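Asks: below: sequence and its predicted model.
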Amino acid sequence: MAEKLFVYGTLRDSEVPKKVFGRTEVGKPDVLEGYERSQVVVEDETFPALVPKEGSIIDGLVLEVNNGELAKIDHYETDAYVRKRVNLKSGSQAWVYLKS
């Protein structure tokens with residue numbers, strides 16, 4: 001079953017999905033409202049993250065992934081992130097990884 005995943009950081013780079021779940025995915029542009037950019041540190045490296053903030057918007061891409069690929073992405077994102085289902089500006093729902 002295909003799941004939608006909103007990406008806004010490293011997963012937007014076509015090489016990262018290839019390494020994480022074995023293929024490249026051309027995403028469709030969309031917007032997430034009510035969040036702003038932040039950062040998390042994982043193993044001494046800084047990565048983008050999102051936190052709630054009313055009135056803010058984040059541009060990103062929507063990827064279609066299956067449940068097995070989503071499990072691999074969960075592992076990649078570590079416990080520095082929490083996966084949440086959100087409503088996008090387009091009206092569709094997608095998973096997104098937020099700062100935990």
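Replies: Now that the structure is in, tell me what you want to look at. Numbers count the residues shown, from 1 in each chain.
Asks: poorly predicted segments of the protein, please.
Replies: Within the chain, not a single segment meets pLDDT under 70.
Asks: ok, which stretches of it are strands?
Replies: Taking DSSP state E as the test, the strands found in the chain are 3-7, 28-42, 45-65, 81-87, 93-99.
Asks: count of residues packed around the spatially closest residue to residue 59 that is not a sequence neighbour?
Replies: If the residues on either side of it in the chain are set aside, residue 59 comes closest to residue 31, at 5.8 Å by C-beta to C-beta, 6 or more residues apart in numbering. Where you see a C-beta, it was placed from the backbone N, CA and C, and this is true even at glycine. When neighbours are counted by other C-beta atoms under 10 Å, residue 31 registers 12.
Asks: okay, the strands of the chain, which one's buried deepest?
Replies: Each of those was scored by mean neighbour count; the highest is strand 3-7, a mean of 22, by mean count of other C-beta atoms under 10 Å.
Asks: what bridges to residue 62?
Replies: Per DSSP bridges, the residues bridged to residue 62 are residue 6, residue 28.
Asks: quick one, what contacts it?
Replies: The neighbours of residue 62, taking C-beta atoms under 8 Å, 6 or more residues apart in numbering as the test, are 4, 5, 6, 7, 27, 28, 29, 30, 88, 90, 92, 94.
Asks: nearest to residue 75, of the residues you listed?
Replies: Distance to residue 75 across the contacts of residue 62 (C-beta to C-beta) is lowest for residue 5, with 14.1 Å.
Asks: isn't the closest one right up against residue 92?
Replies: No. Residue 5 lies out of contact with residue 92 (C-beta atoms under 8 Å); the separation is 11.3 Å.
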